[in-house]
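Engineer: Give me the fold of what follows.
(chains A, B, C and D)
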Protein chains: 2
Amino acid sequence: MHYTRDNMAGLLRSHDINPTHQRIEIAHALFSRQEHLSADQVMAIVNTRHSETSKATVYNTLKLFLEKGLVREVIVDPSKVFFDPNTDPHHHLYEVDSGKLSDIDAEHIQISGLPPLPPGMVTEGIDLIVRIRRKA
Amino acid sequence: MHYTRDNMAGLLRSHDINPTHQRIEIAHALFSRQEHLSADQVMAIVNTRHSETSKATVYNTLKLFLEKGLVREVIVDPSKVFFDPNTDPHHHLYEVDSGKLSDIDAEHIQISGLPPLPPGMVTEGIDLIVRIRRKA
DNA sequence: CACCAATCTGGACTTTGTCTAATTCCCGGA
DNA sequence: TCCGGGAATTAGACAAAGTCCAGATTGGTG
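Structural biologist: Numbers count the residues shown, from 1 in each chain, chains lettered A, B, ... in the order given. From the prediction side, this is the model:
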C-alpha cells in the first residue's frame, strides 16, 4: 500500500475528517514515514518546499487526528509529545540517550495482575514504555 | 515513621546529598505528603509561609534528587513532569480528566513476552501507565 | 456570482524549564 | 574570632512547546 496524497484524502474521509490541503500534507508526512514525529518535525516536513502550513494549523490538525483516532499520542519525553500513525495496540521502546522511539508489537505481550479499577471508571489505554540505554 | 525535617537531613546524607535548608524543605514537601508533585507544586508548598526558595533551586534540587536516586520522575502528562518519592518498583494509574495520579504496586504485576533488547543495551526502567477515565 | 461556514493564519501570549553571573552561606584553618 | 574559598542559592533573562484569538481565505452551494 502506497501512502499517496489521494489515499490520504480517503483515509481522512473514512475517519470523518474533511480532507483539506493542509490536513492531507500532515497525514502524508506521518503515514508515508510510519514514524513517530513531534509537532515540530511535522511542521518542518510540511514546510520544506514552500511554507504552506502555520504552526496553529499543525497543532489543531494533530489534535483533530487524535480525537478522530487517526493517530496516537506518545508521551515519553517531558519536552515534547510524539504522534504515532500506528494505532494498532502496541508499546514503545525508548532509547533514553538518543531519543529514538520504536514500536513493540503488543501481540505477544501479556500484562497480568492489574488491580481492579475504581468503580465507574474505564480504561482508556495502557502505555508500556521500556526505557533503554547503552551499556556503560 | 515520621518525616521530620531532622529525618530528612539523614535521608539526604545517606544518599550522598549535602543537606541544606532548601533541600531539606523540598525533601520534606515530597516525603511528608507521599504524593506525586510537579516542580510548580513543590515551589508553591515550599514558599507558602515566607518566600524561601527560588525556582532555579527547586529545579536544580529535583534534578539532583533524581540523579541520586531519591525520587523518580513520572512522565504522564505532556505539560509537566511529576516527581515521585516512592522509588520502590511500581506503576501508575492516571485519571486523564482530573490529572490524579496514583501508584500500582509492582509486586503482583507480571509482564511477559517482551522482545530481546538490541545488543549492548540495558533496561533503565519499565514504565506502565494505565490511563483511566470516568465512564461516559 | 454571492454567500456562509469551515478552515487557516500570524502573532501575541502562557507555561515549563534552563542558563548565567552575581551573591550568600558555611566550614576549616590561623 | 576572622578569613578564604568552594558549594549552594538567587533573580531574572531566556528558550521551547503549545495555546489562543481575531481577522483573512477557502470552497462548496444556490
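
Engineer: Helices of chain A, start to end?
Structural biologist: A:5-14, A:21-33, A:39-46, A:55-67 (DSSP state H).

Engineer: Could you look over these and pick the most buried one?
Structural biologist: helix A:21-33 (a mean of 20; mean count of other CB atoms under 10 Å in any protein chain shown). C-beta here means a position set from N, CA and C on the backbone, and glycine is covered the same way.

Engineer: Measure how far that one is from the centre of its chain, please.
Structural biologist: Taking CA atoms, centre = their mean, to the nearest Å, one finds helix A:21-33 lying 12 Å from the centre of the chain it belongs to.

Engineer: can you dump the C-alpha coordinates of that helix into CSV?
Structural biologist: The C-alpha trace of helix A:21-33 is given here as CSV (Å, rounded to 0.1, in the frame of the first residue of the first chain):
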residue,chain,number,x,y,z
HIS,A,21,-4.8,20.5,1.6
GLN,A,22,-3.0,21.1,4.9
ARG,A,23,-4.6,18.0,6.5
ILE,A,24,-3.6,15.9,3.6
GLU,A,25,0.0,17.1,3.8
ILE,A,26,0.2,16.5,7.5
ALA,A,27,-1.3,13.0,7.2
HIS,A,28,1.1,12.2,4.4
ALA,A,29,4.0,13.3,6.5
LEU,A,30,3.1,10.9,9.2
PHE,A,31,1.8,7.9,7.2
SER,A,32,4.4,7.9,4.4
ARG,A,33,7.1,7.7,7.0
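
Engineer: Quickly check: that helix near DNA strand C or not.
Structural biologist: Yes. Helix A:21-33 lies within reach of DNA strand C by CB under 7 Å from any atom of the strand, at A:21-23.

Engineer: Give me the mean pLDDT for that helix.
Structural biologist: When the per-residue pLDDT values of helix A:21-33 are averaged, the result is 96.

Engineer: That concludes my questions; thank you for your assistance.
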